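Engineer: what follows is a protein structure lacking sequence information:
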């Protein structure tokens, strides 16, 4: 999994056209934003109100992924190439 990043600073480096997966490191709320200008602007999690506790990364056009969470293993992300 990617290292924790400040959404506002990391989003400036991300191409505008790539969707961005965002995960709260505290409560595991997550979302995929289609445009970087729609990211959580105040860096507050909409679920638990944690400040600046997000990990984020771009999702490439040829990628798909699944997100799973359980108490024993924690957060599990699986990436695959999309079939064309």
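Structural biologist: Cool, the structure landed. This is a predicted model, so every value here is computed, not measured.

Engineer: what residues are up against the spatially most central residue of the chain?
Structural biologist: Central residue of the chain (CA atoms, centre = their mean): residue 22, 1.8 Å from the mean position. Applying CB atoms under 8 Å, 6 or more residues apart in numbering, one finds that residue 22 lies in contact with 7, 30-33, 39-40, 54-56. Glycine gets a C-beta too; all of them are placed from N, C-alpha and C.

Engineer: one more pass at 7 Å, please.
Structural biologist: Residues near residue 22 by CB atoms under 7 Å, 6 or more residues apart in numbering: 7, 30-31, 33, 39, 54, 56.

Engineer: and which of those residues is nearest to residue 73?
Structural biologist: residue 30 (15.8 Å; CB to CB).

Engineer: would you map the helices across the protein?
Structural biologist: 7-11 (DSSP state H).

Engineer: related to what we said a few turns ago, the residue nearest to the centre of the chain pairs with what?
Structural biologist: residue 31, residue 56 (DSSP bridges).

Engineer: show the pLDDT at it.
Structural biologist: Residue 22 is assigned a predicted lDDT (pLDDT) of 89.

Engineer: residues making contact with stretch 76-84?
Structural biologist: Contact with stretch 76-84 is made by 1, 62-68, as judged by CB under 7 Å, 6+ apart.

Engineer: quick one: the strands in this protein?
Structural biologist: Per DSSP state E, the chain carries strands over the ranges 20-24, 30-33, 54-58, 63-70, 74-81.

Engineer: and of those, who's closest to residue 45?
Structural biologist: Of all these, strand 20-24 comes closest under CB to CB, at 4.3 Å.

Engineer: relative to the whole chain's centre, how far out is the closest one?
Structural biologist: 1 Å (CA atoms, centre = their mean, to the nearest Å).

Engineer: please apply the same query to stretch 48-60.
Structural biologist: With CA atoms, centre = their mean, you get 5 Å for stretch 48-60.

Engineer: same check, this time on stretch 65-74
Structural biologist: That offset, for stretch 65-74, works out to 14 Å (CA atoms, centre = their mean).

Engineer: can you check stretch 18-33 too?
Structural biologist: Distance of stretch 18-33 from the chain centroid (CA atoms, centre = their mean) equals 3 Å.
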